[in-house]
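Student: sequence? don't have it. structure:
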């Protein structure tokens, strides 16, 4: 069994069997798995897919897109979020991330965690599901944006969000 660590603490309690998850979460994971197939990752060969569900039920997907000038690359999670944001969607109810690792789960990088935390609204966290595309039985890490980044940076300029 894979040992799972979340923020430095061992956390197998958040790992669930895929079949035990709600069908809407399974759909989100399938969408992220499909998006992963479009990844452009000639440098790392590490394909990642992501899917975000908005409050109206729409699903926006993304994959990682690398560039020889590494700073110009974009992660799957931000690709999905930018697609939704560019169409006026600002509220997310769930996120799925799919990448292949032999051990552990791939969760969003620090930049993506901070990016997604911007859209945690009214204290309502965004559930996050991390899975591997080909490890049977399929197990899923069930966490959230704020669990992954408990002390988010928040720019307060005197106005409320």
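Tutor: Great, that's in hand. None of these values were measured; they are calculated from a predicted model.
Student: just the residues contacting stretch 35-43, thanks.
Tutor: With contact meaning Cβ atoms under 8 Å, 6 or more residues apart in numbering, stretch 35-43 is reached by 47-51, 61-66, 68, 70, 76, 80, 98-99, 133. Backbone N, C-alpha and C define where each C-beta goes, glycine included.
Student: going through these, which ones are buried?
Tutor: By neighbour count, with 16 or more other Cβ atoms under 10 Å, the contacts of stretch 35-43 hold 47-51, 61-66, 76, 80, 98-99, 133 as buried.
Student: let's see which of the contacts of stretch 35-43 end up in strands.
Tutor: Cross-referencing the contacts of stretch 35-43 against strands under DSSP state E gives 48-51, 61-63, 98-99.
Student: so which bits of the lengthiest helix in the chain are buried?
Tutor: When the chain is scanned for its longest helix (criterion: DSSP state H), the result is helix 23-36. Of all the residues in helix 23-36, those buried under the rule 16+ other Cβ under 10 Å are 25-33, 35-36.
Student: same deal with stretch 41-58?
Tutor: Burial within stretch 41-58, assessed by neighbour count using 16+ other Cβ under 10 Å, is assigned to 41, 47-54.
Student: save the residues you listed as a markdown table, and put in distance to residue 86 and pLDDT too.
Tutor: What follows is these, written out as a markdown table (distance: Cβ to Cβ, whole Å; pLDDT from 0 to 100):
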| residue | distance to residue 86 | pLDDT |
| --- | --- | --- |
| 41 | 23 | 97 |
| 47 | 23 | 97 |
| 48 | 20 | 97 |
| 49 | 19 | 98 |
| 50 | 15 | 98 |
| 51 | 16 | 98 |
| 52 | 13 | 98 |
| 53 | 17 | 98 |
| 54 | 13 | 97 |
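Student: no more questions from me, cheers.
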